[in-house]
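[1] using only what follows, build the 3D model:
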Amino acid sequence: MSTARSLLVLAIAASCSSAALAQREVPFRGGIPVAPSGLADKPLADGPFDYATGEGQNIRVTVLTKALSYPFTLTFLPDSTLLITQRDGKLRVMRNGKLDPNPVAGGPASFSTGTSGLPGAVHGYMDIALHPQFAQNQTLYLSYTKPIADNRTTFAVTRARWTGTALADTKDVFVAEPGDSGPTPIAFGRDGMLYIATSGGNAQDGMNLGGKVLRVRDDGSVPNDNPFVGKQGYRPEVYTLGHRNSLGMALNPATGEIWQSENGPNGGDELNIIRAGKNYGWPLVSYGRTYPGPWQAKLPTSEGFEPPAVYWTPAIAVSGFAFYTGDKLPLWKGDLFIGGLRTGEIPGTGKLDRILFNQQMEELRRETLLADLRQRVRDVQQGPDGLLYVITDEDEGAVLRIEPR
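    As a prediction, the model looks like this:
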């Protein structure tokens, strides 16, 4: 080997060695890398904000309020009243785009702690689902963290009657076991049943309520046609299993199926179509990595486990979502919109994703929206006016309205 070539080989080897040594060691807390803060906590400007988008659907985003404290979900009533839950256990109301300064009275006592988005955070009030006959009975359902004896908590779903200004006749219809916790989205199916998505716990243990989708009647009782009724080793409420952390659930108005959004670890966020008796794999299969870096599982999916309809790697911390069926934003009709709290484990990178499907509900393309606002997008819903409404999971939580420009 010539002297010149030998020197080149040594230089390449030295470069590779230097590159290997250049990997930084990052601090960990509780087994999770401490996130950088360079983009975090950026205040939301007053707007409005104008955008050109991929489909040519140019939009204007208007800030309706920034006076919420870490909102979790937003739900429209038939008369266009907007109900918003806050993780501090308050229910807020907006009418005609104006936020009532006083929280709604009559809700259950709840428990919350920690900082939203950080390990150990516990949410007080979470999701709202309207009874299928809400127009007749004014009944709604609220999931929340319930304080119980011995300074312990669990998650629960309460039923209440909306009086127009307050909640009345509040009664729990489902209360989990002591120690069960985590985000708990809820939704009614076309079958009139209430679906409850749970987080944490042993997702593969049929006797553990964590990491499941549960199915109950509107009074909390178990329907006889649940897939595991009478089967040894399963709670009768269990409808599906193998989930990680659920942050959103909604009925697909086109197909009648229940969809669920699920946070992976470092990567592997999922949108799942919920099918009776199916196992969605966590923690045995996953598209994500563990927080220290290695893959969570040897395979992202395998036979016997239900694959996701959509997945994200890197993770965007998927949250609430909605299927758009309106006419005000016609180039987006049929698309799904889903919130993201942060992308690739970097705070300050929340966004709204738009997903276009084919006739078989298979993904064709997706588009990122609102990323420049640097807000944690917690939920998105279609209003009765055919526009999209977004809430941000921030200390100065905002309601944003998306309309054609």
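[2] could I get the full set of helices for the stretch 301-405 of the chain?
    For the stretch 301-405 of the chain, applying DSSP state H, counting those that start in this stretch gives no helices.
[3] and the strands in it, which stretches?
    In the stretch 301-405 of the chain, the segments counted as strands under DSSP state E, counting those that start in this stretch are 310-312, 318-323, 336-340, 351-357, 363-369, 377-382, 388-392, 397-404.
[4] likewise the stretch 1-150 of the chain?
    Using DSSP E, counting those that start in this stretch, strands in the stretch 1-150 of the chain cover 28-29, 32-33, 49-51, 59-68, 71-76, 82-86, 90-95, 98-99, 125-130, 139-148.
[5] direction included, what does the second one pair against?
    Read that as strand 32-33. Strand pairing for strand 32-33, determined by DSSP bridges: strand 28-29 (antiparallel).
[6] ok, residues contacting the strand it pairs with?
    By Cβ atoms under 8 Å, 6 or more residues apart in numbering, the list of residues contacting strand 28-29 from outside reads V34, P119, Y291, P292. Every residue, glycine included, has its C-beta placed from N, CA and C.
[7] one more pass at 7 Å, please.
    The contact list for strand 28-29 (Cβ atoms under 7 Å, 6 or more residues apart in numbering) reads V34.
[8] tell me the contacts of the nearest residue to M94 once chain neighbours are set aside?
    Counting by Cβ to Cβ, 6 or more residues apart in numbering, L82 is the residue found nearest to M94 once chain neighbours are left out, at 4.1 Å. Residues near L82 by Cβ under 7 Å, 6+ apart: L74, F76, V93, M94.
[9] would you mind measuring from the last one to G304?
    By that I understand M94. The spacing between M94 and G304, counted by Cβ to Cβ, to the nearest Å, is 46 Å.
[10] more crowded one of the two?
    Between M94 and G304, counted using other Cβ atoms under 10 Å, the more crowded position is M94 (20 against 10).
[11] my read is that L74 contacts T81, right?
    No. Counting by Cβ atoms under 7 Å, L74 stays clear of T81, with 11.0 Å between them.
[12] comparing those two, which shows the higher neighbour count?
    The neighbour count for L74 versus T81, taken as other Cβ under 10 Å, is higher for L74 (24 against 17).
[13] which residues pair with the more buried one across the strands?
    Beta-bridge partners for L74, by DSSP bridges, are I84.
[14] and it, what does it touch?
    With contact set as Cβ under 7 Å, 6+ apart, L74 has these partners: L82, I84, D379, Q381, Y389, I391.
[15] mark which of those residues are buried, thanks.
    Using 16 or more other Cβ atoms under 10 Å as the burial test, the contacts of L74 include L82, I84, D379, Q381, Y389, I391 as buried.
[16] which of those residues lies at the shortest distance from G124?
    Distance to G124, by Cβ to Cβ, is smallest for I84 among the buried ones among the contacts of L74, at 13.0 Å.
[17] gap between that closest one and F323?
    Separation of I84 from F323 (Cβ to Cβ): 20 Å.
[18] I'd assumed V222 was in contact with Y239.
    No. Here Y239 lies out of contact with V222, judged by Cβ under 7 Å, at a distance of 10.2 Å.
[19] who has more neighbours out of those two?
    Remark: of Y239 and V222, Y239 carries more neighbours, 25 against 17, as counted by other Cβ under 10 Å.
[20] tell me what whichever strand or helix holds the more buried one is packed against?
    Using DSSP states H and E, Y239 sits within strand 238-241. Identification of packing neighbours for strand 238-241 by 3 or more Cβ pairs under 7 Å, 6 or more residues apart in numbering; DSSP states H and E yields strand 212-216.
[21] from the chain's centre, how far out does the strand it packs on sit?
    Taking the mean of its C-alpha atoms, strand 212-216 sits 17 Å from the chain's own mean (Cα atoms, centre = their mean, to the nearest Å).
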